[in-house]
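S.K.: Model the following, please.
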Amino acid sequence: METAVQESASAAPAPSWADMETDCLVHVFRRLDLEDLAAAAPLVCRGWRRAAADPSLWRALDLRRDHVARFMPWGALAAAFARRYDVSRFTFAGFLRICVARARGSAADITLPPLLASPAAELDHISLQCPRVRRLALPKLPAGDEARLPELIPRWPLLEHLELEAKPSSCFPDIAAKLALYCPNFASLKTTGSVKPEDAVALACSLHRLRSLCLDRSYLPRRELLAILVGCREMRKFSARSCVGFDDKDEEVIRRGARIERFEIGGSSRLDEFEDEMATGDELCDSSYVDVM
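M.R.: Here you go, the predicted structure:
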């Protein structure tokens, strides 16, 4: 009798992946890239399609990870869409909208590469469809699209971290004011560019509750740096590495930064020292290059 039971058990077919509970599939699918979730998993069977559409899989939309070449029209992802969905023209904007739609308003972390053909339209779409964003990283935007950021900020009341590849040249104080007014949990900013006196005032006054600030490879004059350090009393992490405008051995700067748990200013130099290095023809490595605006 025992032998018959064993033989019957051994003859039973192995459980099918298609029959796996949706919650289990969702847990497995968390290891997949976004393109696999969009263009591969949904086509296996109905169960996989249902699991791949779970909004929790689309809360973190990191579209800058790896290399932007994967979003090019000649890439594997475009080929997959053409083959499986009969899409004749693949665009990054289209893929972005698929990701946003799958998130169903739950996207909390969005990172965009510099591939937006119409940044204003896509940012407007994200601001309306993703009101629960907590972390947002944006590529360098055209001046006209930068100017729209202040009016979009109020649509992200839960925003905690903002990363701007290039600091907006004219509207940064307005952005800071809107962050202070509409985003009560905002605590972290990362950007690079020319820090003007009005920008330093905006950081020290509007964003004085910042806990983390990264200004690596910026033009950051000593006076503006000190104003930021004096005004942002709750800072726990500050980074201004490889900047131009102040000396990383400046005693007052070091004293002001001593209260900050993680204070990094290595590789920074005064403007005259930077100009001397350029005049000598010394080759500057990537980590020390600064675009002085």
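S.K.: Which stretches in the stretch 101-250 of the chain count as strands?
M.R.: Along the stretch 101-250 of the chain, the segments classed as strands by DSSP state E, counting those that start in this stretch run 109-111, 135-138, 161-164, 188-191, 212-214, 237-239.
S.K.: Show residues contacting stretch 180-189.
M.R.: Outside of stretch 180-189, the residues within contact range by Cβ atoms under 8 Å, 6 or more residues apart in numbering are 134, 153-154, 156-164, 179, 206-207, 209-214. Quick note: C-beta positions are derived from backbone N, CA and C, even for glycine.
S.K.: Near the residue nearest to R50 when sequence neighbours are not counted, how many other residues are there?
M.R.: Distance criterion Cβ to Cβ, 6 or more residues apart in numbering; nearest residue to R50, sequence neighbours excluded, is T22 at 5.8 Å. With neighbours defined by other Cβ atoms under 10 Å, the count for T22 comes to 13.
S.K.: One more: P142?
M.R.: 10.
S.K.: So C214 versus R241, what's the distance?
M.R.: 9 Å (Cβ to Cβ, to the nearest Å).
S.K.: go on, L116?
M.R.: 28 Å.
S.K.: and what of L215?
M.R.: L215 is 9 Å from R241, by Cβ to Cβ.
S.K.: same question, D36
M.R.: Going from D36 to R241 by Cβ to Cβ gives 36 Å.
S.K.: mind listing the helices for the stretch 51-200 of the chain?
M.R.: 76-85, 92-103, 119-129, 143-146, 149-152, 172-182, 197-205 (DSSP state H, counting those that start in this stretch).
S.K.: Pull the third one out as CSV, backbone CA atoms only.
M.R.: Once non-C-alpha atoms are left out, helix 119-129 reads as follows in CSV (Å, rounded to 0.1, in the frame of the first residue of the first chain):
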residue,chain,number,x,y,z
PRO,A,119,10.0,67.1,-21.1
ALA,A,120,7.2,69.5,-20.3
ALA,A,121,4.5,67.2,-21.5
GLU,A,122,5.9,64.1,-19.7
LEU,A,123,6.6,66.0,-16.4
ASP,A,124,3.1,67.3,-16.5
HIS,A,125,1.8,63.8,-17.1
ILE,A,126,3.9,62.4,-14.2
SER,A,127,2.8,65.2,-11.8
LEU,A,128,-0.9,64.4,-12.5
GLN,A,129,-0.6,60.6,-12.5
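S.K.: what is the mean pLDDT for that helix?
M.R.: Averaging pLDDT along helix 119-129 gives 92.
S.K.: what's that helix in contact with?
M.R.: 93, 96-97, 100-101, 103, 105, 107, 110, 112, 116, 133, 138, 141-142, 144-145, 148-149, 152, 155-156.
S.K.: Now that helix: buried residues?
M.R.: 119-120, 122-124, 126-127, 129 (16 or more other Cβ atoms under 10 Å).
S.K.: Take the residues you listed and write them to TSV, including distance to F172.
M.R.: Below are the buried residues of helix 119-129 laid out as TSV (distance: Cβ to Cβ, whole Å):
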residue	distance to F172
P119	17
A120	18
E122	21
L123	17
D124	20
I126	20
S127	18
Q129	26
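S.K.: Least confident secondary structure element in this structure?
M.R.: Lowest on mean pLDDT, DSSP states H and E among the helices and strands of the chain sits helix 2-11, with a mean of 52.
S.K.: Nearest residue to L179 in space, ignoring adjacent ones along the chain?
M.R.: F186 (4.9 Å).
S.K.: Could you check how far that neighbour is from A80?
M.R.: Applying Cβ to Cβ to F186 and A80 gives a distance of 38 Å.
S.K.: again, but for A227
M.R.: From A227 to A80 the distance is 51 Å (Cβ to Cβ).
S.K.: What about L112? Give its phi and psi, please.
M.R.: phi -110, psi 140 (degrees, to the nearest 10).
S.K.: Check it and give its pLDDT.
M.R.: Looking at L112, the pLDDT reads 91.
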